[in-house]
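Colleague: sequence-free structure coming up:
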């Protein structure tokens, strides 16, 4: 049975959990603490990062690589549009989640509010959180609000890898006790709520909360 | 005609230049200084980063996204294996170049030796360079040496996106006046030399040197 290495509090591990659930792929979760991964783990994930994924004699790391592999090896249900332009835009939103929202929500909100106090016994610096919430994130919310149409996802009106990657970051925002202001960004707030209500996301977020004792 | 936004000194812009050359896609290069990108550029690249790529009314950013788009829109010659496992491994090496070698060669060698002195008039801290060369990179070279077979690329004996991403980082190592020790890592040294000799890489590296006055 394929094995997913990681911890469900990671938004990147959660991307793979959601993708596996959407595709109905049976697997085991092998817990890895990314702050204390040993040399054996580097044989599976050469940069020592989570998630990693093992399928038979194939081992790969990096959430984006794993999602593309799952799409190739298990194409149904599809999580990527077939049209080249929509495909590119879905992958762009994946990068926008991982490399745009991720560093801000992850390092400046989730780490301050949750990972620091709960896992390392370090206090929250609310000034860092406030700067993220009031200065860094609003222009990103403006951008996403402008990209959303009336359909289910950011691209082509259907759920894709791009939505998984964007909304996994918002899941950590919600776990941190914050949410998108629906008065100011109505489409984005509704989109986040609706996506987090998918069974795939609900189960993965419940696993995160359980691990954190929340 | 499609437009590539960026500067050829960036190893990430170079990935796209090499891919476009390998696929024979005519395009224009629109120079963008990533350290001084204005608000207009954010309409094209919402995170302000290079490269970005415009093809008709589609604009996308991020080198990995652009390479996957080019592969989808211009599948011949192919730069990704069709077998799911080789496809995953090629994408893994792409990530290993971008997120593994890139931060070390880029921030601790190329920035210290080239970008700092030539573009910002800041001196090189040779202690930072030395640590990268003697401590951080050798285990990565060991890993790559162990992954190389007798064929042309890291995966399946043929050139792929994985090779583009790994070797674009080595190009910046060479521009910085360093090279892989062929006595210690013979396969890796030969692989880097051979890949840099491809016309696609040779032209892109020549453009980098020209921009730097080297």
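Modeller: Sure, I can see it. This is a predicted model, so every value here is computed, not measured. Residues are numbered from 1 along each chain as shown, chains lettered A, B, ... in the order given.
Colleague: Now stretch A:78-87: buried residues?
Modeller: Along stretch A:78-87, these residues count as buried under the neighbour rule (16 or more other C-beta atoms under 10 Å in any protein chain shown): A:79, A:80, A:81, A:84, A:85, A:86, A:87. Every C-beta, even on glycine, is put in place using the N, C-alpha and C of the backbone.
Colleague: if you skip the residues just before and after it, what's nearest to the spatially most central residue of chain A?
Modeller: The residue lying closest to the centre of chain A (C-alpha atoms, centre = their mean) is residue A:168, at 2.9 Å. Nearest non-adjacent residue to residue A:168, counting by C-beta to C-beta, 6 or more residues apart in numbering or on different chains: residue A:11, 4.2 Å away.
Colleague: just residue A:94 next, same as before
Modeller: That would be residue A:165: by C-beta to C-beta, 6+ apart, it lies 4.1 Å from residue A:94.
Colleague: residues contacting that neighbour?
Modeller: Applying C-beta atoms under 8 Å, 6 or more residues apart in numbering or on different chains, we find residue A:165 in contact with A:15, A:63, A:64, A:93, A:94, A:95, A:96, A:97, A:98.
Colleague: Which residues of chain A lie near chain B?
Modeller: Counting by C-beta under 8 Å from any C-beta of the partner chain, chain A comes close to chain B at A:46-47, A:58, A:60-62, A:64-66, A:68-69, A:72-73, A:84-85, A:87-89, A:91-92, A:94-96, A:99-100, A:143.
Colleague: Just to be sure, which of these are found in helices?
Modeller: A:64-66, A:68-69, A:72-73, A:84-85, A:87-89, A:91-92, A:94-95, A:143 (DSSP state H).
Colleague: Chain A: helices as residue ranges?
Modeller: With DSSP H, the ranges of helices along chain A come out as A:11-23, A:39-44, A:63-73, A:84-95, A:102, A:126-131, A:137-147, A:161-175, A:186-196, A:199-212.
Colleague: can you pull the pLDDT of the closest residue in space to residue A:48 that isn't next to it in sequence?
Modeller: Counting by C-beta to C-beta, 6+ apart, residue A:48 lies nearest to residue A:37, which is 4.8 Å off, once chain neighbours are set aside. At residue A:37, the model reports a pLDDT of 78.
Colleague: now do residue A:99
Modeller: 97.
Colleague: which residues does residue A:107 contact?
Modeller: Residue A:107 neighbours (C-beta under 8 Å, 6+ apart): none.
Colleague: again, but for residue A:84
Modeller: Residue A:84 neighbours (C-beta under 8 Å, 6+ apart): B:69, B:72, B:73.
Colleague: re earlier: can you get me a residue count around the residue nearest to residue A:168?
Modeller: 27 (other C-beta atoms under 10 Å in any protein chain shown).
Colleague: on that earlier part again, what about burial for the contacts of residue A:84, which qualify?
Modeller: The neighbour count (16+ other C-beta under 10 Å) marks B:69, B:72, B:73 as buried among the contacts of residue A:84.
Colleague: Can you lay out those as TSV showing distance to residue B:154?
Modeller: Formatted as TSV, those follow (distance: C-beta to C-beta, whole Å):
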residue	distance to residue B:154
B:69	22
B:72	22
B:73	24
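Colleague: and the residues you listed near chain A, which?
Modeller: Okay, of the buried ones among the contacts of residue A:84 touching chain A (C-beta under 8 Å from any C-beta), that's B:69, B:72, B:73.
Colleague: Quick check: pLDDT value at the last one.
Modeller: I take that to be residue B:73. On pLDDT, residue B:73 comes in at 98.
Colleague: you'd agree it is up against residue B:55?
Modeller: Yes - assessed by C-beta atoms under 8 Å, residue B:73 is found in contact with residue B:55 at 7.3 Å.
Colleague: Break chain A into its domains for me.
Modeller: A:3-73, A:84-212 (automatic domain parsing).
Colleague: burial measure for the nearest residue to residue A:29 once chain neighbours are set aside, as a count.
Modeller: Leaving aside its chain neighbours, residue A:29 sits nearest to residue A:4 (5.2 Å; criterion: C-beta to C-beta, 6+ apart). Residues within reach of residue A:4, counting by other C-beta under 10 Å, total 24.
Colleague: before we move on, what about residue A:194?
Modeller: By other C-beta under 10 Å, neighbour count at residue A:194 equals 15.
Colleague: Contacts only, for it.
Modeller: Contacts of residue A:194 (C-beta under 8 Å, 6+ apart): residue A:152.
Colleague: can you do 10 Å?
Modeller: A:152, A:153, A:159, A:163, A:167, A:201 (C-beta atoms under 10 Å, 6 or more residues apart in numbering or on different chains).
Colleague: likewise residue A:154?
Modeller: Contacts of residue A:154 (C-beta under 10 Å, 6+ apart): A:89-90, A:92-94, A:96-97, A:144, A:147-148, A:160, A:162-163, A:165-167, A:191, A:195.
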